[in-house]
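Engineer: sequence and predicted structure, then a few things I'm wondering about:
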Amino acid sequence: MGHATLEWIYVGVVIAILTWVGVEAWTGEKILEEVPEDAETIKVIGQQWLWTFEHEDGSVEVGKLTLKVGKTYKFEVTSKDVIHAFNIPSHAILIDAVPGRVNHIWMETTTPGEYLIQCREYCGLLHYNMRAMLIIEE
Amino acid sequence: MDKRLALAIIVLVAVSATVNNSFAQIPEDKHVCIIDGCNLGESVDAKVLDRHQYSWNVFYKMMTAAFIVGAVVQGVLVFVTFRFREKRQKEVKK
């Protein structure tokens, strides 16, 4: 067995694994990005230094977001002033809130309770206090 | 050259299939748990996506892939170097 054969083998192995990594990443992106059709849309607006939530029925909540358990929600996230980041640590939700742009992310509510919503991008003097409460009700 | 190319393709396909089947995949319907972090075979809600669980699952899979790539490349390099060194010693002795 010459050098070239060995090299072909390891090139083959490496390409195969990297191909698998690419497919895995693509599939993962699809699972995480694709919003289920039955998802209810919540508009999330960040501004210095509070969060505003607009429900589909037109109701608005400030500093508090009330959701029902067992439902799927799509968050359309934007900002009124500087760049913020919408973060719910307990549900691994994190997405930038950028002025003039709407980013989206979705989640399912499985367990009732109160959870923290916070800004995860330094946005000014009171960034540390830019928090809200996520309440998941029965 | 043809032989090498054929060998490379065989290895490529074999390794792809092995690696792909070695790890648990998330099925589209997700009715039965076959991913890390829940009991295998357990019935799970078809729509639930736990992002924490999913992220760690991907992390472990990617780490495994990275270590395999590292081991293969390093192993081949060490082997080729070692064999070259041994061959040179014999030539020097002659």
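Structural biologist: Happy to help now that I have it. These numbers were taken from a predicted model, which means no experiment stands behind them.

Engineer: where's the helix or strand encompassing residue A:27 relative to the chain centroid, distance-wise?
Structural biologist: Residue A:27 is part of helix A:3-33 when elements are defined by DSSP states H and E. Distance of helix A:3-33 from the chain centroid (Cα atoms, centre = their mean, to the nearest Å) equals 27 Å.

Engineer: give me the sheet partners of the next helix or strand along the chain from that helix and which way each runs.
Structural biologist: Toward the C-terminal end, the helix or strand that comes next after helix A:3-33 (DSSP H and E) is strand A:40-47. According to DSSP bridges, strand A:40-47 has the following sheet partners: strand A:50-54 (antiparallel), strand A:72-79 (parallel).

Engineer: so which elements touch the lengthiest helix in chain B?
Structural biologist: The residue-count maximum for a helix in chain B (DSSP state H) belongs to helix B:51-93. The helices and strands touching helix B:51-93, judged by 3 or more Cβ pairs under 8 Å, 6 or more residues apart in numbering or on different chains; DSSP states H and E, are helix A:3-33. Where C-beta positions appear, they are placed from N, C-alpha and C, glycine not excepted.

Engineer: quickly find the element holding residue A:118.
Structural biologist: strand A:113-119.

Engineer: quick one, that strand and strand A:50-54 angle?
Structural biologist: 120 degrees (axes from the mean of the first three to the mean of the last three Cα atoms, to 10 degrees).

Engineer: got the contact list for strand A:113-119?
Structural biologist: For strand A:113-119, contacts defined as Cβ atoms under 8 Å, 6 or more residues apart in numbering or on different chains pick out A:46, A:49, A:51, A:65, A:84-91, A:127, A:130-136.

Engineer: and stretch A:71-80, by the same measure?
Structural biologist: Contacts for stretch A:71-80 (Cβ under 8 Å, 6+ apart): A:35-36, A:38-47, A:67, A:86, A:93, A:95-109, B:47.

Engineer: can I have the buried ones of the residues you listed as a PyMOL selection?
Structural biologist: Typed into PyMOL, the line below selects the buried ones among these, using 16 or more other Cβ atoms under 10 Å in any protein chain shown:
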select buried, chain A and resi 39+42+43+44+45+46+47+67+86+93+96+97+98+103+105+106+107+108+109
